[in-house]
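Asker: please find the sequence and the predicted model below.
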Amino acid sequence: MNLFPLNLDIRGRNAVVVGGGPVAERKTLSLLEAQALVTVIAPGVTPFLEELSREGRISHLKRPWRPGDGNSACLVFATTNDVAVNAAVAREAGQSGIPVCVANAPEEGTFTSPAVIRRGELLITISTGGRSPALARRIRRDIETLYGPEYADIIDFVGKLRENKLTAGRGGAYNTKLCDELLAGDLTLLLNPALRDRICNDITNPEPGQTLPPTDAKEFP
């Protein structure tokens with residue numbers, strides 16, 4: 001499948017997961033990370049999903065799926081072990097124009113759920129179009145070693161700098177040049193408070209012909 005990549009804002013919107021096994025658990029966690037309102041529909045669920053339900057973090061309808069269960073959802077996931085149920089969920093969602101993911105038969109749905117790496121606001125997704133989820137997970141593990149948890153702090157700093165510090169009125173080309181200079185070196189050095197302070201000062205009080213300080217480990221131990 002030649003899929004169209006898209007990042008959705010589903011904060012506060014309803015999402016339905018049909019099924020209560022390990023796959024349903026993974027989909028539910030991803031939806032919670034995106035701050036969706038999650039309803040899990042299954043007679044039985046994993047202990048962790050049961051705990052989420054007790055804590056009030058998800059809604060659990062302790063019964064089989066029924067027609068109409070996904071009518072108010074922005075996304076539907078069919079994750080049961082019953083092929084017929086999954087097909088029925090996909091068919092109804094498709095007829096209603098609701099995006100649906102079928103875990104065991106991607107071709108029956110309208111979207112697939114990629115492997116995901118989250119580092120704060122940094123979101124990296126890997127998809128094989130549903131052909132090999134195992135390969136997507138392997139590639140995700142490889143990328144995780146390149147972009148560790150520290151990148152959540154890095155992107156927070158760079159994002160705030162872009163929003164609040166870039167010189168106003170100098171034009172997009174000038175600001176792009178500043179960003180390119182900022183991101184040219186070892187990004188992990190942006191965790192250094194001394195370097196951050198100097199960058200903020202130099203951008204806030206620019207001098208003619210000035211470039212941002214190099215991310216040089218010797219200068220900023």
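Answerer: Right, received. Where do you want to start?
Asker: use CA for all of it now, contacts and neighbours both
Answerer: Fine.
Asker: could you point out the helix or strand that follows the strand or helix carrying Phe77?
Answerer: For Phe77, the element it lies in under DSSP states H and E is strand 75-78. With elements assigned by DSSP H and E, the helix or strand that comes after strand 75-78 is helix 83-96.
Asker: give me the packing partners of that following helix, helices and strands only.
Answerer: If you count contacts as 3 or more CA pairs under 8 Å, 6 or more residues apart in numbering; DSSP states H and E, helix 83-96 packs onto strand 75-78, strand 100-102.
Asker: ok, which of those comes nearest Cys200?
Answerer: strand 75-78 (41.4 Å; CA to CA).
Asker: pairing partners for that closest one, with directions?
Answerer: Neighbouring strands of strand 75-78 in its sheet, by DSSP bridges, are strand 14-18 (parallel), strand 100-102 (parallel).
Asker: the shortest one: how far from the chain's middle?
Answerer: In this case it means strand 100-102. 17 Å (CA atoms, centre = their mean, to the nearest Å).
Asker: please parse the chain into its domains.
Answerer: Domain assignment for the chain by automatic domain parsing gives 14-113, 117-148, 151-204.
Asker: show me where this protein has its strands.
Answerer: 14-18, 37-41, 59-61, 75-78, 100-102, 115-119, 122-126 (DSSP state E).
Asker: pull the number of nearby residues for the closest residue to Ser72 other than its chain neighbours.
Answerer: Among residues not flanking Ser72 along the chain, Asn14 sits closest, at 6.8 Å (CA to CA, 6 or more residues apart in numbering). Applying other CA atoms under 10 Å, we find 19 residues neighbouring Asn14.
Asker: let me know the pLDDT of Asn14.
Answerer: We have a pLDDT of 98 for Asn14.
Asker: wait, isn't Ala73 in contact with Gly97?
Answerer: No: the pair Ala73 / Gly97 is not scored as a contact, 10.5 Å apart, by CA atoms under 8 Å.
Asker: so for the two, which sits in the more crowded spot?
Answerer: Ala73 (19 against 12).
Asker: wait, which of the strands of the chain is closest to Leu8?
Answerer: strand 75-78 (10.3 Å).
Asker: hmm, who's touching that closest one?
Answerer: 14-19, 24, 27, 70, 86, 89-90, 93, 98-103 (CA atoms under 8 Å, 6 or more residues apart in numbering).
Asker: can we see that at 7 Å?
Answerer: Contacts with strand 75-78, where a contact means CA atoms under 7 Å, 6 or more residues apart in numbering, come from 15-19, 70, 86, 89, 98-103.
Asker: might you report the residue contacts of the nearest residue to Leu37 once chain neighbours are set aside?
Answerer: Counting by CA to CA, 6+ apart, Asn14 is the residue found nearest to Leu37 once chain neighbours are left out, at 4.7 Å. For Asn14, the contacting residues are 36-38, 72-74, by CA under 7 Å, 6+ apart.
Asker: show the buried residues in those.
Answerer: 36-38, 73-74 (16 or more other CA atoms under 10 Å).
Asker: okay, the residue nearest to Ser72 and Thr39: tell me how far apart.
Answerer: Asn14 sits at a distance of 7 Å from Thr39 (criterion: CA to CA, to the nearest Å).
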